[in-house]
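**Q** the sequence and its predicted three-dimensional model are supplied below.
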Amino acid sequence: MKIIIFLFFLVSELIYAQAVIPDEYHKIPDSLHFKDDLYKFIIPDKKYENWKVMRKYDSLREELLYENKSWQDEKDVRIHSPDRGFFVECMPDWCFTYITIFDNKNFRNIASEEELRSFIGYVDNIQEALLIANTYGFWFDQKDPVGGSFKQDGNFFYIYLAKFESCPVSKESFFIKLNRKTGAFESQTKGVYYKTDKCFIS
């Protein structure tokens, strides 16, 4: 029994050791943890006249999260909101986010993770990189650099992010390589670095 326990802790230590962060990586700022604040940093791949980010709730209530400039000229135009979007959350009820674009006298909606990635296009900054990573289910850990660090160069973002489980509560580190030009996204697990026997069920 003692041997089994020893091996368990040895394996746990080895898993954690795989996620040691190189010195050239920087901690992702805590100020970026609230996703709704990141939309204002999007620089779309194409220049649009107007675009705004909306959240739609199950009650059909909608909330404006961000607009790139005033929509006063279009305030009397009824814009059809989609029945689906990206970042489905707000459980046990649900909500989702979508983007409405006004361009060349036409409206259209960005209503899926794939469309959001296409709308962002070239990845200009870490805020855009985090939004793209979240479309794949990753987010960053404010407390531990193995789940919240990054560096960048002219071609790529290299990011250590996490996936979170609520039952049992755990955090798994992933190394992300994101091509800034093409959007190609690669992820590699670096192991579970935090785990408890607790469960949080909403």
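**A** Done, it's in. What you are looking at is a predicted structure, and each value in this text was computed from that prediction instead of being measured. Residues are numbered from 1 along each chain as shown.
**Q** didn't residue 119 look like it was pressed against residue 44?
**A** Yes - with contacts counted by CB atoms under 8 Å, residue 119 reaches residue 44, the gap being 5.7 Å. All C-beta atoms are positioned from the backbone trio N, CA, C, and that covers glycine.
**Q** and the gap between the most centrally placed residue in the chain and residue 176?
**A** Nearest to the geometric centre of the chain sits residue 134, at 2.3 Å (CA atoms, centre = their mean). Counting by CB to CB, to the nearest Å, the gap between residue 134 and residue 176 amounts to 11 Å.
**Q** equivalent analysis for residue 115, please.
**A** Between residue 115 and residue 176 the distance is 21 Å, computed by CB to CB.
**Q** tell me the domain ranges of the protein?
**A** Taking automatic domain parsing as the domain assignment, the record places the domains of the chain at 19-36+122-195, 44-118.
**Q** quick one: the helices in this structure?
**A** The residue ranges that make up the helices of the chain, judged by DSSP state H, are 2-17, 113-120, 126-135.
**Q** now do the last one, average pLDDT.
**A** Think helix 126-135. Averaged across helix 126-135, pLDDT comes to 98.
**Q** the chain should start at 48 in everything you say after this.
**A** Noted, 48 is the first residue going forward, which turns the last one into helix 173-182.
**Q** tell me what angle it forms with helix 160-167.
**A** Relative orientation of helix 173-182 and helix 160-167, computed by axes from the mean of the first three to the mean of the last three CA atoms, to 10 degrees: 170 degrees.
**Q** what's helix 173-182 packed up against?
**A** Under the contact definition 3 or more CB pairs under 8 Å, 6 or more residues apart in numbering; DSSP states H and E, helix 173-182 sits against strand 133-136, helix 160-167, strand 196-199, strand 203-213, strand 216-226.
**Q** what sits against residue 142?
**A** Going by CB atoms under 8 Å, 6 or more residues apart in numbering, residue 142 touches 102-105, 135-136.
**Q** which one of the residues you listed is nearest to residue 208?
**A** Top of the list for closeness to residue 208, among the contacts of residue 142 and by CB to CB, is residue 136 at 17.3 Å.
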